[in-house]
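K.L.:
Okay, structure incoming, though there's no sequence with it:
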C-alpha cells in the first residue's frame, strides 16, 4: 500500500514556531513531527510515500531528501496555490494507483494502522476515516456512525449544541482510487467539506474506524508543549531519542552534564548539549541539541529547540524557545512566553507571561517586556462566549486587550468602511468603546458613535445606518465581579457568525494588524440622534392612536441612563400614565403589589440594558419567562408577513401550534442568540431581546383585541416546560453526548441543536452550555408532573454518564 503525507500546512496557530519552519518540521524532542509519521508508516510496512508540500517546501525536502536515510521512498508534490486537503492529494493521482492511506505530517500518533487497513478491506469501504475519542470535540470534525460503523453524519468544528459524540476525525483516511473521480485537478477541494458529503450523497460505503492509542493534532502552543510532556511520560508508543541516563531522564550522544547540576525527570537533554555547574533542569524540560545551559541557570516545564544559550543565572519557566535564542545573564522568561528563532533577551531583562517574540527580535538590558513583538497567539480557549467577548474589568478587559481585539476585527473588514459603536451608561463601558474605536481608526476603519444607548438601538442602527459591522459594550455582574461584555454585530445588526468568530480569534491570537499611512487613519463621527430614529421607526410601525386611546396605567422599574434617554419619551407619546419605581423595588413580587394597589393595567421591569422584560398582569400575576416568550411569539406573528416562521428548538410545542393556526409553516432553529434574533428580525427590531419593542407591540395587541394582559394570556394554550441545569466538567461533555446518542438509537430524535428526544408525553432537550460546564435540560409535556419526571430522568442520566 502507498501513503500520502499531508505536509503543506503553515501552522498559523503555532506562530512564532512556524514563522521560519513549516509545521511538519516543528521538532518534538529534537526530531521533526513528520519524522515520527514516516516511522509509523514504515513500522506498518508502508514505504512508498507521496508528500504534499506548499509552505517552505525546501525545508522538508532538504531534511528528508528522497527518504532513503529513513528507510522509505519519498515523492514530492508541490501546490502552487492552496488546493484544499483533497485537492492536494489529487495532485498525486498518477502516483496513487492503488488503495492508499492519507495521514497528516504535523500530528503525532501511535495508532495501529494495520488494523485500520484490515477494517477498511473487511468492510469493502471506499473511504475509511480513522477516528478517536477526545474530551473536547469543539475544534475537530465530529463523525457519527451507525451500529455497523458506517458513517451517517459529519459536523465540522461544532458548537456544544451540535456535539452528539466525542468521536472525532483525526485526518487519517484509507481511500480507494475511486475518490479521484469526484474532483478536477488543480481545483480547490476538501475532504470534509466536499468529498465525504459527495460520497454520502451517492450512498458510497464510508466507514469510521475508532482507533485505540495516542493522537495529538498539536493544534496550539499549549498542545505543542503537552505533546512532548506526554512523550516523556511514556504515553506515546514510540522510541525516544537518546538513552535513559537516570529514571525519566533521556540524553543524546555527547551531552555534557556537570556533576553539580540537578536534573529532575521526566526530561530530555539533546546531543552535544552542555549543562553547567549548579544548573537546574526541572521536570518536563526539553533541551534541544547543541544548547548551552550555563552555571546556575534554571529551566522548568520548558521546551528549548536546538542551539539555545542560557547564560549564568537565567531563569526560564513554562516557556518555548526556538532555535538560536540567546538569554543573557540574569534574564527571566515566564510562563507561556514563546520566543522565535534568533531572539536575544538582554541582561536582567524580563519577558512576561504569554508574551511572544517573533524571529530576530531583541529585548534591551534591564527591560521588562509585557507585550508581544509583534504577531502571535496565546494558547488558550476561545475568547468568544454566548453574547460576545466577556472579561473582568481591568483584569481581562483592559484598554490594551480591547485595542488588540479591534485590530483583529479590522483585518476582516475592508479599509474605509464604517463600524457603529454603542455602549451602556457606565463610564468603564464608554472607556472601552473609545479604546475599541482607536484600534479601528489605526487600521483605516471609520466609526459611528451612538453614545449611551441600549444594545437593541445599536442593532437597529447597524442595520439602518449603512454600517459594515457593529459593536456594543455593556457592563454585567457575575459572582460579585464587575465584567464588561463586547457584542460583535454584522451589517444586519445580528451577532456575527461562528465562522467570523473563529476568524477574529485567529487574527487576535496571531496579533495580525493592518499597517496604514497616516493619511488613511479612520474618522470618528457621532450620531446622538440614533435613539430618536429608533423611536420614530418603532412608533411608525404600530397604531399609536389605538394605544393612546386606552391610556394605559403602567408601573415601571428599570435602571440605567441609556434607558432614561429612551423609555420615558416612548411611554409619554403613547399616552401612558406612568408610576416609576426605579431604585424603589427590585423584586417582581414587590412590583405585583404596586400594580394591584394602584389599579394599574400592568407592570414591567427591564434589565439595565432593556433586553429582558419581566411582566406583571393587572391581577398581580408575575409572568414567567417561558410565557413571556409565547407573548413575544404572538408579537412576531403579528409583525411578520413571512410564510415560514422560525421557532427556537427549546420553545414549547404550543409555539408551533400558534404558527400553524396563523396558516404559516414552522421551522425549528438553534437556540443560540444569532439564530433566535434571525428568527424574529423585523425591520431592524428583534422582539426576543428588546424589552421596549415587546412593550409597545404588546400594548398594541391588547388595544386591538380590547383585552387586559391577563385576558391576553388566557388566549395562549396551556403548556408545561421545565428547565434543569446539570453540572458536568468540560472534559466529560463529549462522552456524555456520545452515551446519550447511543442510548437513543431507534428512538425519535431531533439533532438541530443538542439532542431532542421525543416521548409519548412530549419531549426532552439536552443542550450542552457553550460557556459553562453544565448541561441545560428542557422538558415539554402536557402536565408539570410529566415534564418534571422527564427532566429528572435525563438529568440523572447525565450524572451517571459523566462519572462512568
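P.N.:
Received it, and whenever you're ready, just let me know what you need. Keep in mind it's a predicted model, so treat the numbers as computed, not measured.
K.L.:
what residue ranges in the stretch 301-450 of the chain score low on pLDDT?
P.N.:
Along the stretch 301-450 of the chain, segments meeting pLDDT under 70 span 373-382.
K.L.:
again, 50 this time
P.N.:
The stretch 301-450 of the chain contains residues with pLDDT under 50 at 374-381.
K.L.:
And for the chain?
P.N.:
Ranges of the chain meeting pLDDT under 50: 374-381.
K.L.:
Domain map for it?
P.N.:
Per the record, the chain has its domains at 2-216, 242-369, 392-528, 533-714, 720-802, by automatic domain parsing.
K.L.:
quick one: which of these is nearest residue 385?
P.N.:
Between residue 385 and the domains of the chain, the shortest gap by C-beta to C-beta is with domain 720-802, which sits at 4.5 Å. From N, CA and C alone the C-beta is placed, and that goes for glycine too.
K.L.:
Which residues belonging to the lengthiest helix in the chain are considered buried?
P.N.:
Using DSSP state H, we find that the single longest helix of the chain is helix 784-802. Under the neighbour-count criterion of 16 or more other C-beta atoms under 10 Å, helix 784-802 has 786-787, 790-791, 794-795, 797-798, 801-802 buried.
K.L.:
now the residues you listed in JSON lines, with distance to residue 358?
P.N.:
Output for these, formatted as JSON lines (distance: C-beta to C-beta, whole Å):
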{"residue": "786", "distance to residue 358": "61"}
{"residue": "787", "distance to residue 358": "56"}
{"residue": "790", "distance to residue 358": "55"}
{"residue": "791", "distance to residue 358": "52"}
{"residue": "794", "distance to residue 358": "50"}
{"residue": "795", "distance to residue 358": "49"}
{"residue": "797", "distance to residue 358": "49"}
{"residue": "798", "distance to residue 358": "45"}
{"residue": "801", "distance to residue 358": "45"}
{"residue": "802", "distance to residue 358": "42"}
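K.L.:
Can you classify residue 101 as helix, strand or coil?
P.N.:
strand (DSSP: H, G, I helix; E, B strand; the rest coil).
K.L.:
swap that for residue 52, please
P.N.:
strand.
K.L.:
mind checking how far the closest residue to it other than its chain neighbours is from residue 103?
P.N.:
Distances taken as C-beta to C-beta, 6 or more residues apart in numbering put residue 88 closest to residue 52, at 4.2 Å, once the chain neighbours are dropped. Counting by C-beta to C-beta, to the nearest Å, the gap from residue 88 to residue 103 is 13 Å.
K.L.:
Overlap in contacts, the two.
P.N.:
Common neighbours of residue 88 and residue 103 (criterion: C-beta atoms under 8 Å, 6 or more residues apart in numbering): residue 6.
K.L.:
Sort out which residues of the helix or strand residue 538 falls within are buried, please.
P.N.:
Per DSSP states H and E, residue 538 falls inside helix 530-540. The neighbour-count check on helix 530-540 (16+ other C-beta under 10 Å) flags 530-531, 533-535, 538-539 as buried.
K.L.:
contact partners of it?
P.N.:
422, 450-451, 453, 456-457, 460-461, 464-465, 565-566, 569-570, 573-574, 683-685, 692-693, 696.
K.L.:
how far away is residue 532 from residue 489?
P.N.:
Taken as C-beta to C-beta, the span from residue 532 to residue 489 is 20 Å.
K.L.:
Ok, residue 358 next?
P.N.:
32 Å.
K.L.:
how about the helices of the stretch 651-800 of the chain, start to end?
P.N.:
Under the criterion DSSP state H, counting those that start in this stretch, helices of the stretch 651-800 of the chain are mapped to 653-661, 673-680, 691-705, 709-714, 730-743, 784-802.
K.L.:
rewinding a little: quick one: which of residue 358 and residue 489 has more around it?
P.N.:
The residue with more neighbours, out of residue 358 and residue 489, is residue 489; 26 against 21, by other C-beta atoms under 10 Å.
K.L.:
ok, now which ones touch the more buried one?
P.N.:
420, 458-459, 462, 469-472, 495-496.
K.L.:
Touching, residue 585 and residue 557? I think so.
P.N.:
Yes. Using C-beta atoms under 8 Å, residue 585 is in contact with residue 557, at 6.0 Å.
K.L.:
For the two, list the residues in contact with both.
P.N.:
Listed as contacting both residue 585 and residue 557 by C-beta under 8 Å, 6+ apart are residue 591.
K.L.:
So if I had to pick from those two, which one is more boxed in?
P.N.:
Neighbours per residue (other C-beta under 10 Å) separate residue 585 from residue 557, with residue 557 holding more: 23 against 17.
K.L.:
Now do stretch 20-35: distance from first to last residue.
P.N.:
Start and end residues of stretch 20-35 are separated by 18 Å (C-alpha to C-alpha, to the nearest Å).
K.L.:
nope, stretch 463-482 is what I was after
P.N.:
Termini of stretch 463-482 sit 30 Å apart (C-alpha to C-alpha).
K.L.:
Determine how far it lies from the middle of the whole chain.
P.N.:
The chain centre lies 18 Å from the centre of stretch 463-482; the measure is C-alpha atoms, centre = their mean, to the nearest Å.
K.L.:
Give the buried residues for that stretch.
P.N.:
463-465, 467-475.
K.L.:
can you tell me which of the residues you listed are in helices?
P.N.:
Of the positions in the buried residues of stretch 463-482, 463-464 sit in helices, assigned by DSSP H.
K.L.:
could I get the buried residues of stretch 463-482 as TSV with distance to residue 592?
P.N.:
Shown next, in TSV, are these (distance: C-beta to C-beta, whole Å):
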residue	distance to residue 592
463	36
464	37
465	40
467	41
468	45
469	42
470	37
471	37
472	32
473	34
474	28
475	28
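K.L.:
Pick the one among the buried residues of stretch 463-482 closest to residue 299.
P.N.:
Among those, residue 473 lies closest to residue 299 (C-beta to C-beta), at 41.8 Å.
K.L.:
Please list all residues in contact with the closest one.
P.N.:
Residues in contact with residue 473 (C-beta under 8 Å, 6+ apart) are 421-424, 429, 432-433, 436, 484-487.
K.L.:
Cross those against strands and list the overlap.
P.N.:
Using DSSP state E, the members of the contacts of residue 473 that fall in strands are 421-423, 484-487.
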